[in-house]
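A.B. asks: okay, sequence plus prediction incoming.
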Amino acid sequence: MPKVTYVTPSGDEVVVNSDEPNLMQAAVTNQVEGILGDCGGVASCATCHVHIDPQWIDKVGPATDIEQGMLELEDNATDNSRLGCQVKLTPELDGLVVRVVGQ
Amino acid sequence: MPEHIDPFREDRQQSGVKTATAEGKEVPLVLRLQDIRKTCKDTKTFSNDNPMMIVLHSEAHVRNVRQLPIETDPPEHTDYRALVEPIYRKPQQPEYQAEMRKLVAGMVKNAAANGEVEVVREFAVPLQSRGLAQLLGLPQSEAEIWIGWGVHIFRDAQLGSKGSEVDKYIFSKYEEMQGSDGDDFFSILNRIDFRDRKLTMEEKHGYANMAFAGGRDTVINTISSILVYLAEHPEAIEFLREDEMHITTATEEFVRYVSPVTIISRTCPHATEVLGHQVEAGERIGLCWPSANRDETIFDNPDEVVLDRAPNPHVGFGFGAHNCLGQHQARLIVRSLLHEVCDQLDKIEFIEAVPEIEEESSYSRQVGYKSARIKFVS
């Protein structure tokens, strides 16, 4: 069960141990501020936009083309932007830190 | 009728734009997914600040009020929307979801007990209306009034426009709820503060007009299309039962496939060019959601319903600041319906259906059904 730290838009650090399949669902289940997951995880709403901590970007990997299509139009998008619903939570991501962009 | 399923394919592939005639003008329709998203984001060039003109054809003959929040632009839109966002996000609360599930369960049970059902007027219209009563925090007896307003409150093919009747109803409810501390839509809007003042009656009217007109035919057409699809594809119900996540992905896929709104327009305050088409100041362009949702550069097998399609970056609920306010309610209704079909029914039998075809100057498109007879078999 990987441990993930979400830094919320208000600056709080929320640590979640979750067996949910991806970063969005783990956040929604634990009511992490700023992650809504409106579309349920199919990359159509961008309400789960996060910045991956630079130290973790290699392990998490870059956004897919479908995410890029959404992210290029998002305010506050950076090279480390991902849609949380598209980041699978695997054991290798234990300790991951992400910043929640929020609306 | 393949031409009614995706009448935009050729133009989408060739130029990304197709024109349609509306109010005596040629309106360029934007057809590709990423072009539509970019247009939605640029609210200064492509504005919503043009009351009664948000759909392809003017609604000035059926309403006289600016719908809120949709017919405004940021920064006003941001504040107008934030004011009612908590009401429209109620469907994300577990207690609300349980209540909706109970409502849908009862309706599916009754329909199964009755045998044949005409899904548009005997099932989808009542479900949308009763769901709306729950959303607006009003008693279910109110929904029985709204059921009589038909599929589209401005242009029901059988009943004609109910625009003035709806407006009369809206004014009477605000009057009735004066001074109320209730948690219904009308009481909340009567007492809420907006930028350190109360809302004007015109603003309250605009919010309520949107609440009743938006999400009406769209939800109804989506429900009838889903039920006909499930009747014609009995294996789909079994597939939905296999995995809880299939209900979520199928919901998004049905919204993509049905794309219940064909065109939402934007007005250009300044002359501009859209994909090679010159648009004069004050003229409009159209965002063509069903075309974007079949953009073959994004979606594999776009003409197929793929119930576990993921990712599925559709724009069936629009995109950007003005995306659908009622999307959470719509999703909950569809998810609840799919759950109850899986839980209660063996199958749905198809009897007969008459498609609803939207006829425009440059295309015809199926948007749902005029009527559809099916049998819920439990």
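C.D. replies: Yes, it's here. Only a predicted model underlies this, so the values are computations on that prediction, with no experimental measurement involved. Residues are numbered from 1 along each chain as shown, chains lettered A, B, ... in the order given.

A.B. asks: what are the phi and psi values at the spatially most central residue of chain A?
C.D. replies: With distances taken as Cα atoms, centre = their mean, residue A:84 lies nearest the centre of chain A, 3.1 Å away. Phi and psi for residue A:84, reported as degrees, to the nearest 10, are phi -60, psi -30.

A.B. asks: go on, residue B:132?
C.D. replies: phi -70, psi -40.

A.B. asks: next: residue B:240.
C.D. replies: Per degrees, to the nearest 10, the backbone of residue B:240 is at phi -70, psi -30.

A.B. asks: sorry, back to before: next up, the contacts around the residue nearest to the centre of chain A.
C.D. replies: A:22, A:23, A:24, A:27, A:35, A:37, A:48, A:49, A:50, A:98 (Cβ atoms under 8 Å, 6 or more residues apart in numbering or on different chains). All C-beta atoms are positioned from the backbone trio N, CA, C, and that covers glycine.

A.B. asks: could you do residue B:201 as well?
C.D. replies: So residue B:201 contacts B:171, B:174 (Cβ under 8 Å, 6+ apart).

A.B. asks: any idea how far it lies from residue B:169?
C.D. replies: Counting by Cβ to Cβ, to the nearest Å, the separation of residue B:201 from residue B:169 is 14 Å.

A.B. asks: chain B versus the nearest residue to residue A:33 once chain neighbours are set aside, what's the distance?
C.D. replies: What sits nearest to residue A:33 in space, not counting adjacent residues and going by Cβ to Cβ, 6 or more residues apart in numbering or on different chains, is residue A:8, at 4.3 Å. Separation of residue A:8 from chain B (Cβ to the nearest Cβ, to the nearest Å) stands at 18 Å.

A.B. asks: residue A:8: neighbouring residues, count only.
C.D. replies: 16 (other Cβ atoms under 10 Å in any protein chain shown).

A.B. asks: same deal with residue B:193?
C.D. replies: Residue B:193: 9 neighbours (other Cβ under 10 Å).

A.B. asks: contact partners for it?
C.D. replies: Residue B:193 neighbours (Cβ under 8 Å, 6+ apart): none.

A.B. asks: ok, is the longest helix belonging to chain B in contact with chain A or not?
C.D. replies: Counting residues, the longest helix found in chain B (DSSP state H) is helix B:94-114. No: Helix B:94-114 lies out of reach of chain A by Cβ under 8 Å from any Cβ of the partner chain, never closer than 11.4 Å.

A.B. asks: just the mean pLDDT for that helix, thanks.
C.D. replies: Mean per-residue pLDDT for helix B:94-114: 97.

A.B. asks: quick check: next helix or strand after that helix?
C.D. replies: Sequence order places strand B:116-118 as the next helix or strand after helix B:94-114, per DSSP states H and E.

A.B. asks: give me the subset of the contacts of residue A:84 lying in strands.
C.D. replies: A:49, A:50, A:98 (DSSP state E).

A.B. asks: can those residues go into TSV with extra columns for neighbour count, distance to residue B:5 and pLDDT?
C.D. replies: TSV is the format used below for those (neighbours: other Cβ atoms under 10 Å in any protein chain shown; distance: Cβ to Cβ, whole Å; pLDDT from 0 to 100):
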residue	neighbour count	distance to residue B:5	pLDDT
A:49	25	33	98
A:50	28	37	98
A:98	24	41	98
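
A.B. asks: from those residues, pick the one nearest chain B.
C.D. replies: residue A:49 (13.5 Å; Cβ to the nearest Cβ).

A.B. asks: dump stretch B:224-237 to CSV, keeping only the CA atoms.
C.D. replies: In CSV, the C-alpha atoms belonging to stretch B:224-237 read as follows (Å, rounded to 0.1, in the frame of the first residue of the first chain):
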residue,chain,number,x,y,z
SER,B,224,-33.7,6.8,-23.6
SER,B,225,-30.6,6.2,-25.8
ILE,B,226,-29.0,4.1,-23.0
LEU,B,227,-32.0,2.0,-22.5
VAL,B,228,-32.5,1.3,-26.2
TYR,B,229,-28.8,0.5,-26.5
LEU,B,230,-29.0,-2.0,-23.6
ALA,B,231,-32.1,-3.5,-25.2
GLU,B,232,-30.3,-4.0,-28.4
HIS,B,233,-27.1,-5.3,-26.8
PRO,B,234,-28.1,-7.8,-24.1
GLU,B,235,-24.4,-8.7,-23.4
ALA,B,236,-23.7,-5.2,-22.2
ILE,B,237,-25.7,-5.7,-19.0
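
A.B. asks: got the contact list for it?
C.D. replies: B:119-120, B:123-124, B:250, B:254, B:257-258, B:305, B:307, B:334, B:337-338, B:341-342, B:345, B:347-350, B:353, B:368-369, B:372, B:374.

A.B. asks: show me the contacts for residue B:88.
C.D. replies: So residue B:88 contacts B:135, B:325, B:326, B:328, B:329 (Cβ under 8 Å, 6+ apart).
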